[in-house]
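[1] Sequence and computational prediction follow.
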Amino acid sequence: MIGLSVFFKVKVITVSGATVYSPYSIQEASGITEGDNLLTFSRARAASQIRAKLPYVKSVRIGIKLPDTVNIEIKEDSVVYAIQDDTGIWWLMNSQGKVTEMANNSVAKNYTQILGVTLTDPAVGAIGVPTELTADQTADPTNPTDATDASAASDATTLPTVAGTVVTGAQRMAAVLEILQALEENDIVGEVASVDVSQLNDVVLWYGT
């Protein structure tokens with residue numbers, strides 16, 4: 001016990017794999033500080049804190065080297081996509097659905113844009129929640145029940161369907177993420193300008209112009 005308390009203290013913290021974030025940001029997010037006990041600090045908690053605080057971090061590996069060194073190896077998301085929320089604000093999101101940051105219109109133009117599905121109350125570092133149209137947006141504008149309903153129905157938006165089945169926002173989000181992951185796995189993200197899943201039976205993908 002005396003040996004553990006006197007020796008094996010953290011003196012050196014190295015960080016590798018960081019491009020979006022500085023090594024200092026990684027170290028600070030981990031919560032590891034000089035003087036911590038090298039053998040008893042929680043590597044799982046430190047890795048979890050890094051992923052939670054730094055949304056571009058995809059994976060974290062933490063190792064130790066006696067007598068005094070902690071090595072933090074991270075892998076960052078190299079590809080993100082632009083998607084709007086239900087108020088029209090652009091956000092960046094990876095192919096797993098994790099929101100990485102807010103973006104303005106000029107920044108969003110530099111990324112593949114996701115169309116046909118939006119996010120509700122997106123939060124950086126969290127998985128994006130697709131917007132679902134409300135019940136009053138599904139009214140049939142061709143069959144109003146009275147004059148009041150007719151006025152409201154004329155501005156209503158009906159839910160998209162495939163073979164007569166209502167397509168939810170969650171289904172459209174799942175479809176677009178599957179497409180994005182396939183693009184990455186086959187290394188053909190390249191100049192993909194947009195992926196539109198407004199209609200799942202008629203998905204539109206623009207490559208370049």
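    Ah, there it is.
[2] number of nearby residues for the nearest residue to V70 once chain neighbours are set aside?
    Using Cβ to Cβ, 6 or more residues apart in numbering and skipping residues adjacent in sequence, the residue nearest V70 is I13, 4.9 Å away. In this view, the C-beta of every residue, glycine as well, is placed from N, C-alpha and C. Residues contacting I13 under the criterion other Cβ atoms under 10 Å number 20.
[3] which element is I13 on?
    strand 12-16 (DSSP states H and E).
[4] Can you spell out which helices and strands pack onto that strand?
    The contact analysis (3 or more Cβ pairs under 8 Å, 6 or more residues apart in numbering; DSSP states H and E) places strand 12-16 against helix 23-30, strand 69-76.
[5] My read is that the residue nearest to V70 contacts I32, right?
    Yes. Assessed by Cβ atoms under 8 Å, I13 is found in contact with I32 at 6.1 Å.
[6] Pull up the overlap in contacts between these two.
    70, 72 (Cβ atoms under 8 Å, 6 or more residues apart in numbering).
[7] Could I get the average pLDDT for the strand holding I13?
    Averaging pLDDT along strand 12-16 gives 94.
[8] which residues sit against that strand?
    The contact list for strand 12-16, computed with Cβ under 8 Å, 6+ apart, reads 23, 26-27, 30, 32, 34, 68-74.
[9] what two of these are the furthest from one another?
    Within these, two members stand farthest from each other by Cβ to Cβ: D68 and I74, at 20.9 Å.
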